[in-house]
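# Need a 3D model of the sequence below.
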Amino acid sequence: MYFILDCNDQIVGNAKGYRTFRGASAQVNNRGSKIKNLLWDRHAEKTRETPTILVCTIVKREFLHD
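Residues are numbered from 1 along each chain as shown. Here you go, the predicted model:
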């Protein structure tokens, strides 16, 4: 599973994760998507606290064992 994390290391989007990297990446890269806007909003909040922070979006893969 792939998870989208914001600059605060919180999961954004589907809390259960995305089955493919392509699916998670599409959520982040689609113009006007709610997730992309949320990531930018959280980045703006973080830069008010720490002006030198870089834009960083992480798509993290977790291996789930049954």
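# From here on, just use CA atoms for contacts and neighbour counts.
Fine.
# Which secondary structure elements does the helix or strand where residue 36 lies sit against?
Following DSSP states H and E, one finds residue 36 within helix 34-49. Counting contacts by 3 or more Cα pairs under 8 Å, 6 or more residues apart in numbering; DSSP states H and E, helix 34-49 packs against helix 21-29.
# Run the angle between the helix it packs on and helix 34-49 for me.
If you take axes from the mean of the first three to the mean of the last three Cα atoms, to 10 degrees, helix 21-29 sits at 60 degrees to helix 34-49.
# Which residues does helix 21-29 contact?
2, 3, 4, 18, 33, 35, 36, 59 (Cα atoms under 8 Å, 6 or more residues apart in numbering).
# Kindly recompute the last result at 7 Å.
Here helix 21-29 makes contact (Cα atoms under 7 Å, 6 or more residues apart in numbering) with 2, 4, 18, 33, 35, 36.
# could you give the mean pLDDT of it?
Throughout helix 21-29, pLDDT has a mean value of 88.
# Next: stretch 50-63.
64.
# Please identify which of the contacts of helix 21-29 is nearest to residue 12.
Top of the list for closeness to residue 12, among those and by Cα to Cα, is residue 4 at 5.4 Å.
# quick revisit: just the buried residues of the contacts of helix 21-29.
Neighbour counting by 16 or more other Cα atoms under 10 Å classes 2, 4, 18, 35, 36 among these as buried.
# got JSON lines for those, with pLDDT and distance to residue 43 too?
Shown next, in JSON lines, are these (pLDDT from 0 to 100; distance: Cα to Cα, whole Å):
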{"residue": "2", "pLDDT": "87", "distance to residue 43": "21"}
{"residue": "4", "pLDDT": "87", "distance to residue 43": "14"}
{"residue": "18", "pLDDT": "89", "distance to residue 43": "22"}
{"residue": "35", "pLDDT": "89", "distance to residue 43": "12"}
{"residue": "36", "pLDDT": "88", "distance to residue 43": "11"}
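# now residue 13, nearest residue through space, not along the chain?
Distances taken as Cα to Cα, 6 or more residues apart in numbering place residue 35 nearest to residue 13, at 6.1 Å, with adjacent residues excluded.
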